[in-house]
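# kindly return the folded structure for what I paste below:
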Amino acid sequence: MWLDARVGADVRLKLESVQPSGSFKDRGALHRLLLLTDDERARGVIAASAGNHGQALALHAKRLGTRATIVMPERSPLIKIENTRAHGAEVVLFGSNYDAAYDEARRIESERGLVYVHAFDDPAVIAAQGTIGLEILEQMPDVEVLVVPVGGGGLIAGVATAVRTLRPDVKIHGVQTALVPGMASAWTANAPVKLGAAQTLADGIAVRMVAQDTYDATRAYVDSIALVTEDDIATGILFLLERQKSLAEGAGAATVAALLAGRVPDVAGKKVCAIVSGGNIDVTMLGNVIDRGLVLARRLVRLHVRLQDRPGALAEITAVIARLGANVVEIEHERAFSHGPFSEVEVFLTLETRGPEQIQAIRAELEAIAADVVERS
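Purely as a prediction, here's the structure:
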């Protein structure tokens, strides 16, 4: 309901975030493991992963009695590292990004004689991710638009191939982080290209180079690739948590972020399905994201107030804030390090508000009793 009103469309969410490992990666990992020969299963499997593929592979390898080794970037979210280990896998932390972890995983594969299970560049994995598209067509037969997050491209390649084969009329739009737009860059260059590394909230889709097969599938079946900013993603995470009661990581919230920011074309009045691909977000990161989202929504604001240094002046401004219904989160009263006249002090206020209208009302009343009131970003 909330999302429908904001986007102006009938929007449904495909919550892959509630899969056993917390993401859609369960599908591809399990399918690939089930295709192993007895010899391959005895040797054990290895993969590089930003977190979700590794968790899924570890979980299902344990169920099937196969040893798993997962190489993850050193700065992977703690929850993804701990969950992968909890599923019984050996976790190797290496490098600052997925590509460095991938190179190390390939080295270990050769050294130990393990079987490599790719996160997205594998026909069996792509085919399994396509089952999401089949389920959407079954659960929402009148769907008109699909919005799918894009990292290496395995998810959107599988979904788009399945859906457009059965329903050529359905529009399919991918969403990537603007900091690592691997698929969008490939479209521009007419071939996969390798991008520079970047830190992003959407670590699960921060893949610097897509696969040839996934590029080919998106070119054949996908209508557009939208790019979202870090602020868009933070807003998407907060919206899902607060309004939809769903926890999503950055990559998982990318589709909702794109819809909220108006970056997906031609959705007004349409029946739309957005895939929320994962929910494995670090608790510390979640707290930071919530704060950022509140700032962007102007429900958390910082005011810089200059006022006369006299008894009762601070009490007057806090009384205004209380009367207008805002809540003081932090207050700093600065005299010695003030940059104004000696007769004035500076006060820094962090307030919880209901939004822009309440902030405007507070500022209007404070300006009547203070020398200056400035909103700080």
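# buried residues in the host helix or strand of Ala364?
For Ala364, the host element (DSSP states H and E) is helix 356-367. Across helix 356-367, burial judged by 16 or more other C-beta atoms under 10 Å covers Gln358, Ile359, Ala361, Ile362, Arg363, Glu365, Leu366. Quick note: C-beta positions are derived from backbone N, CA and C, even for glycine.
# greatest separation within those residues: which pair is it?
Gln358 and Leu366 (12.5 Å; C-beta to C-beta).
# tell me where this protein has strands.
Per DSSP state E, the chain carries strands over the ranges 10-15, 45-48, 68-72, 90-93, 115-116, 145-149, 171-177, 224-228, 271-276, 300-308, 327-334, 344-352, 372-376.
# nearest to Gly28, out of these?
Gly28 sits nearest to strand 45-48 of all the strands of the chain, at 10.6 Å, using C-beta to C-beta.
# sheet partners, orientation included, of the closest one?
If you go by DSSP bridges, strand 45-48 pairs up with strand 68-72 (parallel), strand 115-116 (parallel).
# can you list those strands in JSON lines and add distance to Arg243, mean neighbour count and mean pLDDT?
What follows is the strands paired with strand 45-48, written out as JSON lines (distance: least, C-beta to C-beta, whole Å; neighbours: other C-beta atoms under 10 Å; pLDDT from 0 to 100):
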{"stretch": "strand 68-72", "distance to Arg243": "32", "mean neighbour count": "26", "mean pLDDT": "96"}
{"stretch": "strand 115-116", "distance to Arg243": "41", "mean neighbour count": "17", "mean pLDDT": "98"}
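# pLDDT weak spots in the stretch 201-350 of the chain?
Across the stretch 201-350 of the chain, residues meeting the criterion (pLDDT under 70) sit at 338.
# re earlier: any idea of the mean pLDDT for the helix holding Ala364?
Per-residue pLDDT over helix 356-367 has a mean of 92.
# tell me which other helices or strands it touches.
If you count contacts as 3 or more C-beta pairs under 8 Å, 6 or more residues apart in numbering; DSSP states H and E, helix 356-367 packs onto strand 300-308, helix 313-323, strand 372-376.
# so how far is the second one from its chain's centroid?
Yep, that's helix 313-323 we're talking about. Centre-to-centre, helix 313-323 and its host chain are 39 Å apart (C-alpha atoms, centre = their mean, to the nearest Å).
# tell me, how many residues neighbour His87?
Close neighbours of His87, defined as other C-beta atoms under 10 Å, add up to 22.
# in this structure, which residue is closest to the centre?
When C-alpha atoms, centre = their mean is applied to the chain, the residue found nearest the centroid is Gly250 (1.2 Å).
# ok, Arg167 - how many residues close by?
Neighbour count for Arg167, taken as other C-beta under 10 Å: 16.
# Ala253 now?
By the criterion of other C-beta under 10 Å, Ala253 has 36 neighbours.
# surely it touches Leu240?
Yes - contact criterion C-beta atoms under 8 Å: Ala253 and Leu240 qualify, at 5.7 Å.
# need the overlap of contacts for those two.
Residues touching both Ala253 and Leu240 (C-beta atoms under 8 Å, 6 or more residues apart in numbering): Val276.
# report the buried residues of stretch 170-188.
For stretch 170-188, using 16+ other C-beta under 10 Å, the buried residues are 170-187.
# now Glu365, nearest residue through space, not along the chain?
On the basis of C-beta to C-beta, 6 or more residues apart in numbering, the spatially nearest residue to Glu365 that is not a chain neighbour turns out to be Val320, at 4.8 Å.
# how about Leu134?
In space, Leu134 is closest to Ala162, 5.4 Å off (C-beta to C-beta, 6+ apart).
# the stretch 51-200 of the chain: helices as residue ranges?
Under the criterion DSSP state H, counting those that start in this stretch, helices of the stretch 51-200 of the chain are mapped to 52-63, 78-86, 98-112, 123-139, 154-166, 182-189.
# contacting residues around the last one?
Judged by C-beta under 8 Å, 6+ apart, the contacts made with helix 182-189 from elsewhere in the structure are 150-153, 156, 174, 176, 192-193, 195, 207-210, 214-215, 218-219, 225, 227.
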